[in-house]
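Participant: sequence unavailable; structure follows:
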Ligand SMILES: NC(=O)c1ccc[n+]([C@@H]2O[C@H](COP(=O)([O-])OP(=O)(O)OC[C@H]3O[C@@H](n4cnc5c(N)ncnc54)[C@H](O)[C@@H]3O)[C@@H](O)[C@H]2O)c1
Ligand SMILES: [Zn+2]
């Protein structure tokens with residue numbers, strides 16, 4: 001065997017029988033990105049998003065709704081620094097979260113003549129916009145840098161801080177996607193002031209998830225401050241900062257050692273086993289976090305039926321879900337949808353259920369032996385609990 005050492009990799013050459021050659025290539029790619037709290041990102045005196053570059057152009061893709069509320073201020077910000085910008089407001093929804101939209105954006109980038117390394121695309125919006133633009137950035141020229149500016153709670157604590165990108169395909173959620181880290185994500189909770197209450201609660205579903213499976217303190221804080229968080233839209237720093245920081249920190253702690261999802265036992269999949277099918281069946285009526293909440297309520301009941309958690313803890317979780325103005329059931333969440341979801345998730349998790357279930361508040365474990373009878377029984381119990389509310 002001969003080894004050729006180049007700067008960053010080793011190519012191994014084996015000469016097999018009959019003089020046939022075989023080369024084995026091994027390379028590693030290290031990924032680094034930053035998530036930075038930056039309050040009032042587009043106030044003139046805040047220079048964070050300039051990243052020290054005052055000579056390059058900016059290609060900005062912004063959610064149409066965010067553009068209506070903040071577009072003028074953002075344009076004035078870049079004008080102040082004499083930066084040439086191309087603004088592209090985009091109307092987004094789960095229905096337009098498609099590969100066709102990705103290709104339209106590629107067309108725009110090509111017309112702009114984006115430089116390959118030094119003109120990071122700036123994506124400003126909720127999870128839908130960030131997922132689409134992330135995919136565009138990962139495909140264009142096989143990957144160009146981009147910056148994320150999340151503007152919904154869901155995006156601030158989840159969609160905006162990982163490396164996943166994606167669009168829907170047929171009836172499948174995020175079926176086409178890549179892993180492409182942003183250069184940096186800016187966390188500015190000031191954007192939440194204009195978000196409607198339903199979308200605040202939608203993001204709270206993912207915070208609740210972290211509380212249930214890994215952070216009991218976070219769960220307790222949510223119980224204590226649910227109303228305050230919803231009515232103040234996270235603008236009360238004494239309460240909201242610690243909750244945002246624990247959520248982002250907790251999420252990144254789970255993502256970092258498993259960024260490319262090599263390991264398919266993922267705690268952050270709690271609430272994401274049965275919900276994708278529900279979400280896609282109920283579009284546009286049900287939001288992502290709402291579908292996740294229904295899945296979490298069901299999985300919690302499953303856990304209680306298995307005696308993994310007490311009925312007291314089960315009821316605490318269901319009560320908090322309701323306090324956060326999230327649903328615990330849905331008419332389309334039938335045993336038949338649950339069976340289909342289980343079959344789908346087994347494919348997604350490479351042959352095993354790998355189902356995360358709570359084993360107390362703030363802890364979870366994985367299970368591979370869920371039966372259809374259990375699904376039916378838990379579905380029945382959840383329905384009865386709902387009737388007795
Ligand atoms: N990539 C990931 O790791 C990841 C993680 C979680 C969720 N997601 C994806 O995120 C999507 C959901 O994201 P979302 O909940 O942010 O939805 P969204 O992007 O649709 O935004 C919700 C609504 O709020 C509007 N909006 C955005 N910011 C606003 C603001 N500051 N003020 C007023 N209105 C505003 C949007 O126009 C939209 O109508 C789903 O498609 C889900 O699959 C991805
Ligand atoms: Zn989610």
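Facilitator: Yep, it's here. Because the structure is predicted, anything quoted here is derived from the model rather than measured. Ligands and ions are numbered 1, 2, ... in the order given.
Participant: what sits against the most centrally placed residue in the chain?
Facilitator: Most central in the chain under Cα atoms, centre = their mean is residue 159, positioned 2.8 Å from the mean C-alpha point. Going by Cβ atoms under 8 Å, 6 or more residues apart in numbering, residue 159 touches 126, 127, 130, 131, 150. For glycine as for every other residue, the C-beta is placed from the backbone atoms N, C-alpha and C.
Participant: what's the average pLDDT for the helix or strand containing residue 149?
Facilitator: Taking DSSP states H and E as the definition, residue 149 sits inside strand 146-150. For strand 146-150, the mean pLDDT works out to 98.
Participant: quick check: next helix or strand after it?
Facilitator: Next element after strand 146-150 (DSSP H and E): helix 153-154.
Participant: continuing past that next one, what's the next helix or strand?
Facilitator: Immediately after helix 153-154, counting by DSSP H and E, sits strand 167-169.
Participant: in that following strand, what counts as buried?
Facilitator: Buried positions in strand 167-169, judged by neighbour count with 16 or more other Cβ atoms under 10 Å: 167, 168.
Participant: packing partners of that strand?
Facilitator: helix 99-112, helix 127-139, strand 172-176 (3 or more Cβ pairs under 8 Å, 6 or more residues apart in numbering; DSSP states H and E).
Participant: contact partners for residue 217?
Facilitator: 246, 362.
Participant: for it, give me the pLDDT.
Facilitator: 98.
Participant: helix, strand or coil: sort out it for me.
Facilitator: Using DSSP: H, G, I helix; E, B strand; the rest coil, the structure places residue 217 in helix.
Participant: the helices and strands packed on strand 167-169: which one's closest to ligand 1?
Facilitator: Nearest to ligand 1 among the helices and strands packed on strand 167-169 is helix 127-139 (2.1 Å), distances taken as Cβ to the nearest ligand atom.
Participant: can you list the neighbours in contact with that closest one?
Facilitator: For helix 127-139, using Cβ under 8 Å, 6+ apart, the contacting residues are 61-63, 90, 92-94, 97, 101-102, 105-106, 109, 121, 123, 125, 143-146, 148, 150, 152, 154-155, 158-160, 164-167, 174, 176-180, 182, 288.
Participant: that one vs ligand 1: in contact?
Facilitator: Yes - using Cβ under 6 Å from any ligand atom, we find that helix 127-139 touches ligand 1 at 127, 128, 129, 131.
Participant: can you pull the residues of the stretch 251-389 of the chain lying near ligand 1?
Facilitator: residue 288.
Participant: coming back round to it: who does the strand holding residue 149 pair up with?
Facilitator: Note on strand 146-150: by DSSP bridges, its sheet partners are strand 121-125 (parallel), strand 184-187 (parallel).
Participant: any idea which of the ones you listed is most buried?
Facilitator: strand 121-125 (a mean of 27; mean count of other Cβ atoms under 10 Å).
Participant: what angle sits between that strand and helix 127-139?
Facilitator: Interaxial angle, strand 121-125 versus helix 127-139 (axes from the mean of the first three to the mean of the last three Cα atoms, to 10 degrees): 160 degrees.
Participant: quick check: mean pLDDT of strand 121-125?
Facilitator: Rounded mean pLDDT across strand 121-125 is 98.
Participant: equivalent analysis for stretch 198-206, please.
Facilitator: Rounded mean pLDDT across stretch 198-206 is 98.
Participant: do it and ligand 1 meet at all?
Facilitator: Yes - residues of stretch 198-206 are located near ligand 1 by Cβ under 6 Å from any ligand atom, namely 199, 202.
Participant: tell me which residues are up against that stretch.
Facilitator: By Cβ under 8 Å, 6+ apart, stretch 198-206 touches 126, 152-158, 192, 222, 226, 229-230, 233-234, 247, 251, 271, 287-290, 292-293, 296, 324-326.
Participant: quick check: the residue nearest to the centre of the chain vs ligand 1, distance?
Facilitator: 4 Å (Cβ to the nearest ligand atom, to the nearest Å).
Participant: and whichever helix or strand residue 291 is part of, what does it pack against?
Facilitator: Element membership for residue 291 (DSSP H and E) is helix 288-305. Under the contact definition 3+ Cβ pairs under 8 Å, 6+ apart, helix 288-305 sits against helix 197-214, helix 275-282, helix 311-323, strand 355-358, helix 372-387.
Participant: show me the shaky parts of the stretch 201-350 of the chain.
Facilitator: Counting by pLDDT under 70, not a single residue of the stretch 201-350 of the chain qualifies.
Participant: nearest to ligand 1: which residue in it?
Facilitator: Closest point on the stretch 201-350 of the chain to ligand 1, by Cβ to the nearest ligand atom, is residue 288, at 4.4 Å.
Participant: do I have it right that that residue meets residue 280?
Facilitator: No - checked against Cβ atoms under 8 Å, the pair residue 288 and residue 280 is beyond contact range at 10.3 Å.
Participant: so for the two, which residue has more residues nearby?
Facilitator: Taking other Cβ atoms under 10 Å, residue 288 and residue 280 do not tie; residue 288 has more neighbours (24 against 18).
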